[in-house]
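**Student:** Got a predicted structure plus its sequence, pasted below:
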Amino acid sequence: MLQIESLSCFRQDRYLFKDLNATALPGQALQIVGENGSGKTTLFKILAGLFEDYDGRVITEDKAAILYLGHRYAVNDQLTPIENLKFLLKLNEIQLTPALLTAALARFQLSAELDQPCSALSEGQKKRVALARLILTSARIWLLDEAFSALDAPGRSVLSEVCQAHLASGGILIFSSHQGIPEFASATQLRLKAES
Amino acid sequence: MMLLLRELKIMLRSPAGAIQSLMFAVLVITLFPLAITPDPDQLEPLGIGLIWVVMLLSCLLAADKSLASDYADGSLEQMVLSHYPLWWVCLVKSMAHWVSCALPLLLMAPVLGAMLAMTSENIVWLMASLVLGSPILSLFCILGAMLTVGLNQSSALLPILIAPFLVPTLILGTQWATTGGEAFYGYMLAALLCLSLVTLPFATAIVAKIAVSR
Amino acid sequence: MWRWFHQWGSPKFFYHRSGALIPVLALASGLILGAGVFWGLLIAPADYQQGESVRIMYVHVPAAILAQSSYAMMAVMALISLIWRLKIADAAVQTVAPIGACITLLALATGSLWGKPMWGTYWVWDARLTSTLILFFLFAGVLALRNAAGQSQTAGRAASVLAVIGLINLPIIKYSVDWWFTLHQPASFTLTEAPAMPFSMWGPLLVMVVGFYCWFFLTWLTRLRHEIVRREVRSDWVQQMMKQ
């Protein structure tokens, strides 16, 4: 469970948001909606625990069960996709066999380029390397900031399948997306308005 | 351990950074005789100090590159969020910086010493002082890199911030080498190394949290 | 008692209460500095060795003392701002840094000017001047970091961490510079311990030190109050104040 209570954040001379309240129970998806500059990324950082200058409370049962995937998705150009994936998972103490890593990458349509460093991949492919982490993680709360962007249609559909499986198993999903995602059209929405 | 292997892999696949540090050092050492005098009798007493200063400058210049790419691609955030203790991450970063920047220079020290007409006994003590002192430099440089990561002119800013802190190491290191290994200075240098090893990674960890919340 | 401290952490409370101090400090620094200048520069005896130029001491020594203690004060404020997250403490760090840097520059300049009649050159690498130079770099570092990192909260915190690390390193740096100097002391000049100064000399010196401190706190407080108003410009109490 993740609960946001009276969350306010004052950053660089203005209030990004004031007195935000929301609850996400296991199995629920929450979509953060707002225009560019309305503070979505800051809100994600607050929920992930990266930003601590706010008023109000964020209540979760287990802080360690959070997975945060931001705008910059931590794929290093010098390492191969498998090495990147292995590193990202091992950071959270998940150790897996190469076979499982390859299978996860294959799910996101990455099978041919696995031996080359990621500098040889396109932006969309690099994003999919980062997203492959979602299949193998044991985190219960997913914070996905603009995860659906820079993906083609097959990529988006794999991602939303993975997210739906996560929700079905009792996980929580908090995401933002500029494009509408039909599968999550019924998700609760949390609107952030940019201060005029 | 995995963190260290990752850093080493990244370094080995793009060795340009290490090579640049080395080239910079050799270049600067070449400039000194050109600017002062080729006379070996005049160069010889300056050798230890010059090479120490070149080591210091090299470390400072290479420092901000090490964190810049991790900050830019988001890896630093993931490391802060991970289960690994943050002080360990910072210590690993310092070790990687030392391997990529200070170690090549350390191995080149005999060559540089010969270029400055140093005696072989002096070169040995120089290398000993660099072995003890350069890890301290790396630890401070990573602290500086973490303070300036993501800022506009981080590469120019970093030396200004960190250079004063390197003065004790510089003084102790050069003094130990110049006196041919007098024990007191060696002990003080070793003590400074221990103190830095124990405190700086934690300080860098505090700064890392500030850096990712930018 | 704790609550008394906490009250002072509120910008509004601090602003209103500290207003009373300004005229007091202004009067004090004016009178004391004036007395010190008059006494030290005009009445006090010239040194039998250095002649009239010893009078630079009346500016150099207070400046040097203030340079070091202002760094310490800045670092303590930085620590408070980091631990208790008080915005006022952060404003205090921001406002004192330039003052401290200027005082250090003054100490360096007067020390250098004093050097000419004493040792014959404008700059000597003695322990005190070298330490003061490094102190200036420490101030410059904090200023540069604040400047580069912008106005945000995180910028302030990074600079505060730097200030605290600087304070912890300061004894180590001083010790190593002192020790470096005793090893390499050139034979040509010896750093003699200042002979016991007669009251006619340390009297004005003390007065100047006190006067410098008064002036320092006056300047810092004025800057701090300005900074508070600037930061809180959107809040109700400032808007009301401006309307009056």
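**Tutor:** In hand now; what should we look at?

**Student:** Output the set of residues of chain C in proximity to chain A.
**Tutor:** Residues of chain C lying close to chain A by Cβ under 8 Å from any Cβ of the partner chain are C:Gln151, C:Ser152, C:Gln153, C:Thr154, C:Arg234. Backbone N, C-alpha and C define where each C-beta goes, glycine included.

**Student:** Need the three-state assignment for the last one.
**Tutor:** Right, the one you point to is C:Arg234. coil (DSSP: H, G, I helix; E, B strand; the rest coil).

**Student:** For chain A, give me its nearest residue in chain C.
**Tutor:** Closest residue of chain C to chain A, Cβ to the nearest Cβ: C:Gln153 (5.3 Å).

**Student:** Next, count neighbours for that residue.
**Tutor:** 21 (other Cβ atoms under 10 Å in any protein chain shown).

**Student:** what does C:Ala20 give?
**Tutor:** 8.

**Student:** pLDDT score for the residue of chain A found nearest chain B?
**Tutor:** In chain A, the residue that lies nearest chain B is A:Arg72 (3.1 Å; Cβ to the nearest Cβ). In this model, A:Arg72 is scored at 85, pLDDT.

**Student:** any idea how far the nearest residue to it once chain neighbours are set aside lies from A:Thr41?
**Tutor:** Once flanking residues are discounted, A:Arg72 sits nearest to B:Gly74: 3.1 Å by Cβ to Cβ, 6 or more residues apart in numbering or on different chains. Distance, B:Gly74 to A:Thr41, using Cβ to Cβ, to the nearest Å: 12 Å.

**Student:** Spit out the residues that contact those two alike.
**Tutor:** Residues touching both B:Gly74 and A:Thr41 by Cβ atoms under 8 Å, 6 or more residues apart in numbering or on different chains: A:Gly70, A:His71.

**Student:** Report the buried members of the residues of chain C next to chain A.
**Tutor:** Neighbour counting by 16 or more other Cβ atoms under 10 Å in any protein chain shown classes C:Gln153, C:Thr154 among the residues of chain C next to chain A as buried.

**Student:** Which of the residues of chain C next to chain A fall within helices?
**Tutor:** Judged by DSSP state H, helices contain the following of the residues of chain C next to chain A: C:Gln153, C:Thr154.

**Student:** Can you pick out the most distant pair from the residues of chain C next to chain A?
**Tutor:** C:Thr154 and C:Arg234 (20.1 Å; Cβ to Cβ).

**Student:** And the contacts of the helix or strand of chain C with the lowest mean pLDDT?
**Tutor:** Here the helix or strand of chain C ranked lowest by mean pLDDT, DSSP states H and E is helix C:2-8, holding a mean of 76. Helix C:2-8 is contacted from outside by C:Phe13, C:Phe14, C:Arg17, C:Ile88, using Cβ under 8 Å, 6+ apart.

**Student:** and if we set it to 7 Å?
**Tutor:** C:Phe13, C:Phe14 (Cβ atoms under 7 Å, 6 or more residues apart in numbering or on different chains).

**Student:** Then stretch A:45-60?
**Tutor:** A:1-9, A:42, A:63, A:66, A:68, A:141, A:143, A:174, B:77, B:80-81, B:212-213, C:153.

**Student:** can you pull the contacts of residue 40?
**Tutor:** Unless you meant another one, I'm taking chain A. Neighbours of A:Lys40 in contact, by Cβ under 7 Å, 6+ apart: A:Ile32, A:Gly34, A:Asp145, A:Ser176, A:Leu192.

**Student:** Not quite, go with chain B.
**Tutor:** Taking Cβ under 7 Å, 6+ apart as the test, what B:Pro40 contacts is B:Ala117.
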